[in-house]
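Chemist: Kindly return the folded structure for what I paste below:
(2 chains, ligands or ions: 2)
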Amino acid sequence: MSEATPVLQLDQVTKTYPGSPPVEALRDVTLEIAAGELVTIVGPSGSGKSTLLNIIGTLDRVTSGTIAIEGHDVARFSDRALAGMRSARIGFVFQQFHLLEGMSAMDNVATGLLYQGISRSQRRSASIAALERVGLGHRMQHRPGKLSGGERQRVAIARALVGDPAIVLADEPTGNLDTRTSREILALLEELNRDGSTIIVITHDLEIAAQLPRQIGIRDGMVEFDSSDAVTVAPLASLGTIGGRA
Amino acid sequence: MVGTGTLGLRSRWGRTVLTALGIAIGIASMVAVVGISASSKADLIAQIDQLGTNLLVVQPGNNVLGEGATLPPEAPAMIRRIGPVESATSIVKLAATTRQSPYVPKEDANGIDLYAIESNLLATLEGSMASGRFLDQGTDDLPVVVLGAVAAERLGIRSVDGGRRVYIADRWFNVVGILDSLALNADIDRAALIGLDAAVTMFDVKRNASSIYLRAQPEQIESVRRVLAATANPHAPNEVSVSRPSDALEARAQVDQNLQNLLLGLGGVALLVGGIGIANVMVISVLERRGEIGVRRALGATRHHIRAQFIVESSLLALLGGILGVTLGAAVTFAYADRQGWLVEIPTIGLAGGVGAALVLGAVAGLYPAARAARLDPAEAVRPTN
Ligand SMILES: Nc1ncnc2c1ncn2[C@@H]1O[C@H](COP(=O)(O)OP(=O)(O)OP(=O)(O)O)[C@@H](O)[C@H]1O
Ligand SMILES: [Mg+2]
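Modeler: Ligands and ions are numbered 1, 2, ... in the order given. Alright, predicted model coming up:
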């Protein structure tokens, strides 16, 4: 793969949920994200942010258009091949953490490697390293129930990172956290990005969004602005119209 | 895979145990039915084998007035004269008490019967000695005694070593032997046995047998049986009772089969209900664990992984029930057989079958919930629930 191949390319992606009337959650979305970027997706509630992230994460399929991850046209992938892509190349972080209650932080992180056919001992050592990276070296054996919200999200981030994915997708990772903890989590994502991770994060916190290197605004399923486009110059001005959600 | 499969079970332990209990009850009842009937049958067969099917017992019956009859003194000798009779031996019940010592009050005698016997009793009943030796011609008229297994225990005598004595009627008798327990002759187990000649000289007994045991050639057993009553008491054959102990046992072995089938059927129903219970709980579990399924798919699990996880979980749940059930069933069998004094026999095929059946049932019960879990749309599954 050549240096220039973007991690992610979307070309005229449309997603329509069947129903009456059908919901056009994404329309003609075209964008490109290069390795090492930290991108935030902003937009009002129902604008299609989660849909976009699920499509990028191959959890959902496009209705039309193409999506390429590291140059692979994943629209043609079988369910099995998509699962392989997710396990090796994509990391997920969710708003409600989605940790498995029955196991320790360390085992939760190790689950990030479970479907890659990696030996148990390797999973463990990678898990320890990932937890140390997110500053949770002292919480390895804790069950999620015994951790604070911020700590849980750190565990989830460690789980997303442990397989060294090409891209990390975070859907409102701070949505369930207080302001201070949210800042800390964002700072952690920025730090991981400085270390080389490509990260896409959906956030409602406009202040935070403004600090990040690149913002993509979504409205009614369409890309409203992309701060990396030379043409669109005043993204933050239109950001002011968001905030429809409490 | 197994580790992943147990996670859901471990994190909902109470529910796991309750669900497994459904299967456990089904398996336990089936194992217990099979185990108890096998133990009972094994015991019967052992008894039949031990006793042999060619043993007949002649006893005085009742006369026409319903009063207890007696056998003529010459009955044993007459019976021995029947051609196919290989051996015959008589015992005569005596009224005296058997005690540890004269200082034990007669009323406290331990319900030990006293029989006067012939020296070929041991051979005819095919008994064996736990300690010492049996009575023989040379000792028949000495004050010596052989104790049945239960009688010896009640008198606190384990072996003949050290010259143990017991007090019979009003004199001491040396214990020369202790019998092993006899399968169907519980009356002998509970008895003290002295030689017939000694009994006659010491107690002035009549020689009317209370039982005559005889062995006949197996193929002639029916014809011997037909002439026995008339031979034992030619004047009143109707006052003689003839029995073949093995008959009753064989009849019992037959009766058990029908009951066993009925109980097995009930156990099967319980098992089925348990299986449906597992399917039910697994369906609920799939609904509750939408998020987990979604996140596993996001982490790279294929549909196949998810399906396998829930089938393994369901199988393990049932396996737990199976192991619990087999243990419970075996325990019930042990307890029951022990109370009945049977040999315990649980067919290994029953145990393995119980666990195997549970495993298969669990896998089948898991098919539908697992298919539902695998069908879940991953994007849908990771969406926050409102
Ligand atoms: N499975 C589905 N079936 C039908 N419509 C759906 C489905 N999922 C999402 N939608 C619709 O698609 C649109 C985009 O939803 P999406 O969840 O992507 O919005 P969002 O920007 O993430 O919103 P929020 O900020 O509230 O999370 C909404 O109108 C939503 O109702
Ligand atoms: Mg959303």
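Chemist: May I see the buried residues of the longest helix seen in chain A?
Modeler: Secondary structure of chain A per DSSP state H: the longest helix is helix A:179-194. The neighbour-count check on helix A:179-194 (16 or more other C-beta atoms under 10 Å in any protein chain shown) flags A:Thr181, A:Ser182, A:Arg183, A:Glu184, A:Ile185, A:Leu186, A:Leu188, A:Leu189, A:Glu190, A:Leu192, A:Asn193 as buried. All C-beta spots, glycine's among them, are computed from the backbone N, C-alpha and C.
Chemist: So which elements touch it?
Modeler: strand A:38-42, helix A:149-161, strand A:167-171, strand A:199-202, helix A:206-211 (3 or more C-beta pairs under 8 Å, 6 or more residues apart in numbering or on different chains; DSSP states H and E).
Chemist: mind checking how far it is from the chain centre?
Modeler: Taking the mean of its C-alpha atoms, helix A:179-194 sits 14 Å from the chain's own mean (C-alpha atoms, centre = their mean, to the nearest Å).
Chemist: With just CA atoms, put that helix into CSV.
Modeler: Backbone C-alpha positions of helix A:179-194 (Å, rounded to 0.1, in the frame of the first residue of the first chain) are rendered in CSV as follows:
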residue,chain,number,x,y,z
THR,A,179,-17.2,18.2,32.0
ARG,A,180,-13.9,17.6,33.8
THR,A,181,-13.7,14.0,33.0
SER,A,182,-14.7,14.7,29.4
ARG,A,183,-11.7,17.0,29.1
GLU,A,184,-9.4,14.3,30.5
ILE,A,185,-10.8,11.8,28.0
LEU,A,186,-10.3,14.2,25.1
ALA,A,187,-6.8,15.0,26.3
LEU,A,188,-6.1,11.3,26.3
LEU,A,189,-7.4,10.9,22.7
GLU,A,190,-5.2,13.9,21.7
GLU,A,191,-2.2,12.3,23.3
LEU,A,192,-2.9,8.9,21.6
ASN,A,193,-3.3,10.8,18.3
ARG,A,194,0.1,12.5,18.9
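Chemist: Mind checking the pLDDT average for that helix?
Modeler: Average pLDDT, helix A:179-194: 91.
Chemist: now the angle from that helix to strand A:167-171?
Modeler: Orientation check (axes from the mean of the first three to the mean of the last three C-alpha atoms, to 10 degrees): helix A:179-194 against strand A:167-171 gives 160 degrees.
Chemist: what does helix A:179-194 contact?
Modeler: Helix A:179-194 is contacted from outside by A:36-38, A:133-135, A:148-150, A:153-154, A:157, A:161, A:168, A:170, A:173-174, A:177, A:199, A:201, A:203, A:205, A:208, A:211-212, using C-beta atoms under 8 Å, 6 or more residues apart in numbering or on different chains.
Chemist: Can you flag the buried ones in the residues you listed?
Modeler: Counted by 16+ other C-beta under 10 Å, the contacts of helix A:179-194 give A:37-38, A:133-134, A:149-150, A:153-154, A:157, A:161, A:168, A:170, A:173-174, A:177, A:199, A:201, A:203, A:205, A:208, A:212 as buried.
Chemist: so residue 87 is in which element?
Modeler: Since you didn't name a chain, this refers to chain A. Using DSSP states H and E, A:Ser87 maps to helix A:79-89.
Chemist: To clarify, I was referring to chain B.
Modeler: Assigned by DSSP H and E, B:Ser87 belongs to strand B:85-94.
Chemist: In contact with B:Gly148, which residues?
Modeler: B:Gly148 makes contact with B:Ile178, B:Leu179, B:Ser181, B:Leu182, B:Ile188, B:Asp189, B:Arg190, B:Ala191, B:Ala192, B:Leu193, according to C-beta under 8 Å, 6+ apart.
Chemist: can you do 10 Å?
Modeler: Residues in contact with B:Gly148 (C-beta atoms under 10 Å, 6 or more residues apart in numbering or on different chains) are B:112-113, B:115, B:127, B:130, B:154, B:178-182, B:185-193.
Chemist: Cross-check those against chain A and keep the overlap.
Modeler: Here nothing survives when the contacts of B:Gly148 are matched to chain A using C-beta under 10 Å from any C-beta of the partner chain.
Chemist: Select from the residues you listed every entry located in strands.
Modeler: Taking DSSP state E, the ones among the contacts of B:Gly148 that sit in strands are B:Asp113, B:Tyr115, B:Ala130, B:Ile178, B:Leu179, B:Ala191, B:Ala192, B:Leu193.
Chemist: Pull the number of nearby residues for residue 213.
Modeler: Going with chain A. When counting by other C-beta atoms under 10 Å in any protein chain shown, one arrives at 13 neighbours for A:Pro213.
Chemist: I was after chain B.
Modeler: B:Tyr213, neighbours per other C-beta under 10 Å, totals 24.
Chemist: quick one: least confident helix or strand in chain B?
Modeler: Least confident helix or strand of chain B, by mean pLDDT, DSSP states H and E, is helix B:2-11 with a mean of 75.
Chemist: Show me the contact partners of it.
Modeler: Applying C-beta under 10 Å, 6+ apart, the contact partners of helix B:2-11 are A:100-103, A:107, A:111, A:114, A:120, A:143, B:15-17, B:19-20, B:282, B:285-286, B:288-289, B:292, B:296, B:301, B:305, B:308-317, B:320, B:366.
Chemist: What is the subsequent helix or strand relative to that helix?
Modeler: Next helix or strand after helix B:2-11 toward the C-terminus (DSSP H and E): helix B:13-51.
Chemist: Buried ones among the contacts of helix B:2-11?
Modeler: Buried, going by 16+ other C-beta under 10 Å: A:100, A:102-103, A:107, A:111, A:114, A:143, B:16, B:19-20, B:282, B:285-286, B:289, B:292, B:296, B:301, B:305, B:308-317, B:320, B:366, out of these.
Chemist: Just the residues you listed: which are in helices?
Modeler: Those of the buried ones among the contacts of helix B:2-11 lying in helices (DSSP H): A:107, A:111, B:16, B:19-20, B:282, B:285-286, B:292, B:296, B:305, B:308-317, B:320, B:366.
Chemist: Leaving out sequence neighbours, find the closest residue to B:Ser39.
Modeler: B:Ala337 (4.2 Å; C-beta to C-beta, 6 or more residues apart in numbering or on different chains).
Chemist: rewinding a little: I'd like the helices and strands packed on helix A:179-194 as JSON lines, with distance to B:Val31 appended.
Modeler: Below are the helices and strands packed on helix A:179-194 laid out as JSON lines (distance: least, C-beta to C-beta, whole Å):
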{"stretch": "strand A:38-42", "distance to B:Val31": "60"}
{"stretch": "helix A:149-161", "distance to B:Val31": "44"}
{"stretch": "strand A:167-171", "distance to B:Val31": "52"}
{"stretch": "strand A:199-202", "distance to B:Val31": "57"}
{"stretch": "helix A:206-211", "distance to B:Val31": "63"}
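Chemist: Where does the record place the domain boundaries for chain B?
Modeler: Following automatic domain parsing, chain B resolves into domains at B:2-48+B:250-382, B:54-243.
Chemist: which residues are contacting the helix holding A:Ser87?
Modeler: Residues contacting helix A:79-89 (C-beta under 10 Å, 6+ apart): A:7, A:57-59, A:61, A:69-70, A:72, A:74-75, A:77-78, A:90, A:92, A:112-118, A:163-167, B:296-306, B:374, B:378.
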